[in-house]
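Enquirer: Coordinates for the following, if possible.
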Amino acid sequence: MATPDRASGPGTAEGGSHRPPPLLAAFGLLAVVEITAVALRWPALQWATKPLLAPVLALHLWRRTGGRHTRVLAGLGFATAGDVALLVPGTAAFGIGIAFFLGAQLCWISAFVEQGAVPYLRLRRKLCLGYAAVWAGAVAALVPSLDAVLGGAIAVYSMALVGMALTAHVMGPRAALGGGVFVLSDLLIGLGAAGLDFTGRPVLVMTTYAAALALLTTAFADDRGPVAGRTAPADLPGRREEDGTERAAVPAHGDPGAGADGTGPGGAGISGTAR
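Expert: Numbers count the residues shown, from 1 in each chain. The predicted model follows:
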């Protein structure tokens, strides 16, 4: 019976070489092909590659951690559905894609909360205020140029998106970077929906999206600490602070031996090239 692959360390193959794990290499290849398809405007190739991105990462995560991170796996499932929806032209499909990605963000927020995001952020109010300001600024800049329904949907979705990026800090710099890059990717989509397009935007959307998925997933895949009883993951052994320093070991449970192209609504551009 197949079991999760936990033998190889991050970025190494089973034989001890420095090659990336096979599934991450497959994801990288798919991402390059998908970005190329977006750049060359080849929809058929996008249909062949984009729906595989999140599933390949989900399989990598399962092989590394088994069922420990079901919320992250569920989020990748929602992302897959959203990717497919955004390949279909039109405003209706765009709205469906937003709904699926809202589900993904809520799953990932739940995963970060499980890792101790709430107590972690209670001590970081300035960080929370900074992300709130980013959300308010983006909504104020983009929503007025959209119709009421789409504008409302984007306002709600973006709140969840920024919440995901904020709570991701609990898992360390890699997850925090992944959350921030995801915000950038969706901000670029928002610019397209608001009619503020520019050359190369669809390629930037896809590139940042693929990078964000990889960063968020591998933050969990390479996090080997036990989940049970974890209340403040930032305080666990091996967890790095945002400045790169590593915290000292903290005994678990009191045991001294115990040692994460869109061009605008209604146009055919709100599809796969939106992401």
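Enquirer: which is the next helix or strand following the helix or strand where G179 lies?
Expert: When elements are defined using DSSP states H and E, G179 is found to belong to helix 173-193. Downstream of helix 173-193, the next assigned helix or strand under DSSP H and E is helix 201-221.
Enquirer: I'd like the average pLDDT over that following helix.
Expert: Confidence over helix 201-221, taken as the mean pLDDT, stands at 98.
Enquirer: Helix 173-193 and that one, what's the angle between them?
Expert: 150 degrees (axes from the mean of the first three to the mean of the last three C-alpha atoms, to 10 degrees).
Enquirer: Tell me the helices and strands packed up against helix 201-221.
Expert: Using 3 or more C-beta pairs under 8 Å, 6 or more residues apart in numbering; DSSP states H and E as the contact criterion, the elements in contact with helix 201-221 are helix 22-40, helix 53-65, helix 70-85, helix 173-193. No exception for glycine: its C-beta is placed from N, CA and C like everyone else's.
Enquirer: hmm, back to that, now for the helix holding G179, which elements pack on it?
Expert: Packing partners of helix 173-193 (3+ C-beta pairs under 8 Å, 6+ apart): helix 91-114, helix 125-142, helix 148-167, helix 201-221.
Enquirer: How far away from the center of its chain is the helix or strand that the longest one is followed by?
Expert: By that I understand helix 91-114. Using DSSP H and E, the helix or strand that follows helix 91-114 in sequence is helix 117-122. Taking C-alpha atoms, centre = their mean, to the nearest Å, the mean C-alpha location of helix 117-122 is offset from the chain mean by 19 Å.
Enquirer: Stretch 70-87 now?
Expert: Computed by C-alpha atoms, centre = their mean, the separation of stretch 70-87 from the middle of its chain amounts to 10 Å.
Enquirer: same check, this time on stretch 93-112
Expert: Shown here is stretch 93-112, whose average C-alpha point lies 10 Å from the average C-alpha point of the whole chain (C-alpha atoms, centre = their mean).
Enquirer: can you tell me the average pLDDT over that stretch?
Expert: The average pLDDT for stretch 93-112 rounds to 97.
Enquirer: Would you mark the buried spots in that stretch?
Expert: Of the residues in stretch 93-112, those buried by neighbour count under the rule 16 or more other C-beta atoms under 10 Å are 93-98, 100-112.
Enquirer: do stretch 68-85 as well
Expert: Going by neighbour count (16+ other C-beta under 10 Å), the buried part of stretch 68-85 is 68-69, 71-85.
Enquirer: as a whole number, average confidence for it?
Expert: Regarding stretch 68-85, the rounded mean pLDDT is 98.
Enquirer: Please export the C-alpha coordinates of it as CSV.
Expert: Coordinates of each C-alpha in stretch 68-85 appear next as CSV, following Å, rounded to 0.1, in the frame of the first residue of the first chain:
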residue,chain,number,x,y,z
ARG,A,68,-2.1,15.8,8.3
HIS,A,69,-3.1,18.9,6.2
THR,A,70,-6.5,18.1,4.9
ARG,A,71,-7.5,21.7,4.9
VAL,A,72,-4.6,22.6,2.6
LEU,A,73,-5.6,19.7,0.3
ALA,A,74,-9.2,20.9,0.2
GLY,A,75,-8.0,24.4,-0.7
LEU,A,76,-6.0,23.0,-3.6
GLY,A,77,-9.2,21.2,-4.7
PHE,A,78,-11.1,24.4,-4.7
ALA,A,79,-8.2,26.1,-6.6
THR,A,80,-8.4,23.4,-9.3
ALA,A,81,-12.1,24.0,-9.8
GLY,A,82,-11.5,27.8,-9.9
ASP,A,83,-8.7,27.3,-12.5
VAL,A,84,-11.1,25.4,-14.7
ALA,A,85,-13.9,28.0,-14.3
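Enquirer: ok, and what's touching it?
Expert: Taking C-beta atoms under 8 Å, 6 or more residues apart in numbering as the criterion, the residues outside stretch 68-85 that touch it are 50-51, 53-55, 57-58, 61-62, 93-94, 96-101, 103-108, 110-111, 114, 213, 216-217, 220, 227, 272, 275.
Enquirer: try stretch 91-110
Expert: Contacts of stretch 91-110 from elsewhere in the structure, counted by C-beta under 8 Å, 6+ apart, are 71-72, 74-76, 78-79, 81-83, 85-86, 117, 149-150, 153-154, 156-157, 160-161, 163-164, 167-168, 186, 193, 216, 262, 265-266, 270-271, 274.
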